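*Asks:* Quick one: sequence plus predicted model below, questions after.
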There are 2 protein chains.
Amino acid sequence: MTAFFSHPDRIFASYFIETAFPLEQAAATMAGEQSTGTFLRVPGETDQLREQFAARVESIVEGEHAASPSLPGSGTPKNWDGIRRTATVTLSWPLHNIGPSLPNLLATVAGNLSELQAFSGLRLLDLSLPSAFLDRYQGPQFGVVGTRQFTGVYDRPLIGTIIKPSIGLTADQTAAQVRTLAEAGIDFIKDDELQSDGPLCPFEARTSAVLGVLREIHDRTGRRIMYAANLTGELDQMLRRHDHLVREGGTCLMVSMNSIGLPAMTALRAHSQLVVHGHRNGWGMLGRYPALGMNFVAFQKLWRLAGIDHTHVNGLRNKFCESDDSVIASARACLTPMFPAPNKGCEVMPVFSSGQSARQALETFRALNSTDLIYAAGGGIMGHPGGPVAGVRSLQQAWEAATLDIPLNTYATTHPELAAALELFGN
Amino acid sequence: MTAFFSHPDRIFASYFIETAFPLEQAAATMAGEQSTGTFLRVPGETDQLREQFAARVESIVEGEHAASPSLPGSGTPKNWDGIRRTATVTLSWPLHNIGPSLPNLLATVAGNLSELQAFSGLRLLDLSLPSAFLDRYQGPQFGVVGTRQFTGVYDRPLIGTIIKPSIGLTADQTAAQVRTLAEAGIDFIKDDELQSDGPLCPFEARTSAVLGVLREIHDRTGRRIMYAANLTGELDQMLRRHDHLVREGGTCLMVSMNSIGLPAMTALRAHSQLVVHGHRNGWGMLGRYPALGMNFVAFQKLWRLAGIDHTHVNGLRNKFCESDDSVIASARACLTPMFPAPNKGCEVMPVFSSGQSARQALETFRALNSTDLIYAAGGGIMGHPGGPVAGVRSLQQAWEAATLDIPLNTYATTHPELAAALELFGN
């Protein structure tokens, strides 16, 4: 499925499948289950109704055979030939089955599919949506361009960090850490996803203290540091917290996408004046097992339409379990338009984090061929032997080298902060 | 974790883990990642802060060894002994880390855990929450008792069915099918999750037509058939559709839980006057692979607090991939109080469906020892050789036999509709 493909009135979804059944039969089962069919053909399922509403199997591309079932509970056909096949299957549905509705889209393209006995593996890979979704949903309000305008950072990644420890600092302690980071030259600071509105660090107190520090630094230096305040909560709380951020001069809010769901995001987006930082914690549940769940390429499309401006993609050589190929595929997807020009493309800014330091900058730039990202480091800044000022500087230098296509070690000979970072974190 | 365990100010969560690392170390990694820790100990992580905010490892119960990693991307320790261990690990967190907030609970007990390299398997099994959650959230408004009051059906399951084909009928065709089912003696009818508000079968037109039929039947016979109208959509749409149902005399709304997310459910519950039928489509993504995701026992607790009154559990010998043991564990969990008396227990009514007919009634009753359920059949009703009236009657007879503990074949000798069903569907 190409990035720019968008049928005017059909929804497309592609899947990885693994099945002991003939591929054509398995694909037809998927299409039937998710549209007009049921286990038995029922009286009302007329040919005319099928013609008008049934999902279609658009393509089946066979892959390698699987040695054993990837998921439990699957069945085998009578007279099974003993081969467990895999394939990439693309289905399509008429838009009029549901209209341009993200919640109903999810029930249609995912729904009960992954519980079907015919499959010992089934994963949603990608989606292509009619532009009616773009008319119905607001998409990112700010995206890459707006994030750069809010911060005044151009032609390089935003250098970011996360407040640590994740939980346990008071509002004043958080603000003190923000001051240190801000004085060190950071562009972007975010709350941890574990920190939202506990009684010992309430949202209002914390964000007022942090944004007070950032206003002071702005008044003194002109720098506009973006703080993604985690307002994840019930919808009424999120709307109130948004307004609090606006009053305090904030420019960014953060939500845990899997905690709030798409309709709350859509409602928050309709109200929001701020950049939306979409945190994907919980993603491992949907993404980690290759024969189940969905690819992040599909996931991020739903959330872009609902209105996020940033989202997390892990990072190269990260400390989680994700492969570098998967990280780059996710980041590229974030920067790829969802609809053909002249429509707004809904691009969002990918956030690289987890074990990131100066050492991954060149690889990241080469793989992505873009600086439109947030490059977030914790130990890479606070753990730098020259302190956080040198830590931020080392990251900026690493990205200067990357965009100039100069090997990091070469650039380090004239940039001592980078040299110290490479010595500590490796190359 | 027992059903009635509830610590006044700590959240408990239990997990299945699979790891190449020593179990104590692996459990400590989980606790650290989801509270005060990060990959490196950071300067602000003082002993006092840890004492006050850190997650605790409450217990580790070792299970069988795993022959190979269940998930990709996992690591092994230096000097690995070659053994991949499994265990049930219970962690606890101070409630004050987040306060009684379901969205923040999800980020805390799930969050990034399943992406950690230390684990080749990690699944959330169960949760135990302080009763502060019960003060904050409304829980089921009607549950089992209210569902029985709305319908006037006591001492047996509600016999239910799903409108088929799933998608493609017009509003009038849907109402005609409802009339057939209602005349046949059904107690409960639901929309398919694929049918919500498409332009060819708009929500308002469909539900007005259906509820008009049900009002007419009520006026004539006194029977109050419950119709779960699928109003899944954006929050503003859902609230408007709820009000439409109230105006039309509806008693039940249906939402796809995974499509709407917890905050939208909480907001809908605050507004609702109707029984909430929580459809779990998409559950396979979270539930099907045993080494990832979560058990339905944990999932349904979140949604009960948010306000569902019914939820799906599949059925015995279902046509999906779920085992009978898992089905019964889910159903029992739905009927088990979440908090000790005298608090409201938040019990919800389990919905048995997928390939259900008269033949599973006795087994289901024996396994559950309760008739507090909705027993939904499609082919088991419409496919009965005596027509839908006989189909409904066969299900009622099967449950009479079950509650009298009479073998179905014995009861069938004096109940011809049951006899015909057993002949068609097997026993």
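*Replies:* It's in.
*Asks:* So for chain A, which residue is the most central one in space?
*Replies:* A:T311 (4.0 Å; Cα atoms, centre = their mean).
*Asks:* Tell me the confidence at whichever residue of the stretch 1-150 of chain A sits closest to chain B?
*Replies:* Nearest residue of the stretch 1-150 of chain A to chain B (Cβ to the nearest Cβ) works out as A:G73 at 2.8 Å. Any C-beta I mention is one placed from the backbone N, CA and C, and that applies to glycine too. Per-residue pLDDT puts A:G73 at 95.
*Asks:* okay but it is in contact with A:L116, surely?
*Replies:* No. If you go by Cβ atoms under 8 Å, A:G73 and A:L116 don't touch, sitting 9.5 Å apart.
*Asks:* Can you give me the domain boundaries for chain A?
*Replies:* Following automatic domain parsing, one finds the domains of chain A at A:10-136, A:143-425.
*Asks:* In chain A, what residue lies closest to chain B?
*Replies:* Counting by Cβ to the nearest Cβ, chain A gets nearest to chain B through A:G261 (1.3 Å).
*Asks:* what's the spacing between A:A267 and A:I60?
*Replies:* 39 Å (Cβ to Cβ, to the nearest Å).
*Asks:* tell me the mean pLDDT for the helix or strand A:H218 falls within?
*Replies:* Using DSSP states H and E, A:H218 falls within helix A:203-221. Here helix A:203-221 scores 98 as its mean pLDDT.
*Asks:* The helix or strand just after that helix and chain B, any residue contact?
*Replies:* Next in sequence after helix A:203-221, counting helices and strands by DSSP H and E, comes strand A:226-230. No. Figure legend: strand A:226-230 not in contact with chain B (Cβ under 8 Å from any Cβ of the partner chain); closest approach 8.8 Å.
*Asks:* follow-up on the earlier one: deepest of the domains of chain A, which one?
*Replies:* Mean neighbours per residue, mean count of other Cβ atoms under 10 Å in any protein chain shown, is largest over the domains of chain A for domain A:143-425, with a mean of 21.
*Asks:* Is the residue of the stretch 1-150 of chain A closest to chain B part of a helix or strand, or is it coil?
*Replies:* coil (DSSP: H, G, I helix; E, B strand; the rest coil).
*Asks:* Could you do A:T86 as well?
*Replies:* strand.
*Asks:* any idea of the pLDDT on it?
*Replies:* For A:T86, the model assigns a pLDDT of 98.
*Asks:* what does A:I225 give?
*Replies:* Reading off the model, A:I225 has pLDDT 98.
*Asks:* OK, contacts around it?
*Replies:* By Cβ atoms under 8 Å, 6 or more residues apart in numbering or on different chains, A:I225 lies in contact with A:151, A:182, A:186-189, A:214, A:217-218.
*Asks:* For A:S35, see how far away A:L113 is.
*Replies:* 11 Å.
*Asks:* Kindly report the same for A:S128.
*Replies:* Taken as Cβ to Cβ, the span from A:S128 to A:S35 is 17 Å.
*Asks:* Now do the helix or strand of chain A with the lowest mean pLDDT: which elements does it pack against?
*Replies:* Lowest by mean pLDDT, DSSP states H and E among the helices and strands of chain A is helix A:379-382, with a mean of 88. The contact analysis (3 or more Cβ pairs under 8 Å, 6 or more residues apart in numbering or on different chains; DSSP states H and E) places helix A:379-382 against strand A:158-162, helix A:387-404.
*Asks:* For those, give me JSON lines that also has mean pLDDT and distance to B:T251.
*Replies:* JSON lines is the format used below for those (pLDDT from 0 to 100; distance: least, Cβ to Cβ, whole Å):
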{"stretch": "strand A:158-162", "mean pLDDT": "97", "distance to B:T251": "48"}
{"stretch": "helix A:387-404", "mean pLDDT": "96", "distance to B:T251": "59"}
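*Asks:* Confirm for me that the residue of chain A closest to chain B is in contact with B:T266.
*Replies:* No. Using Cβ under 8 Å, A:G261 makes no contact with B:T266, being 10.4 Å away.
*Asks:* Give me the common contacts of those two.
*Replies:* With Cβ under 8 Å, 6+ apart, A:G261 and B:T266 have no common neighbours.
*Asks:* Convert the C-alpha atoms of stretch A:80-93 to CSV, please.
*Replies:* The C-alpha coordinates for stretch A:80-93 follow below in CSV (Å, rounded to 0.1, in the frame of the first residue of the first chain):
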residue,chain,number,x,y,z
TRP,A,80,-5.1,-30.5,5.6
ASP,A,81,-2.0,-30.6,3.3
GLY,A,82,0.2,-30.0,6.4
ILE,A,83,1.4,-26.6,5.2
ARG,A,84,0.9,-23.5,7.4
ARG,A,85,1.0,-20.6,5.0
THR,A,86,1.6,-16.9,5.6
ALA,A,87,0.5,-14.0,3.4
THR,A,88,0.0,-10.3,3.1
VAL,A,89,-3.7,-9.8,2.5
THR,A,90,-5.4,-6.6,1.6
LEU,A,91,-9.1,-6.1,2.2
SER,A,92,-11.3,-3.2,1.3
TRP,A,93,-14.7,-2.0,2.6
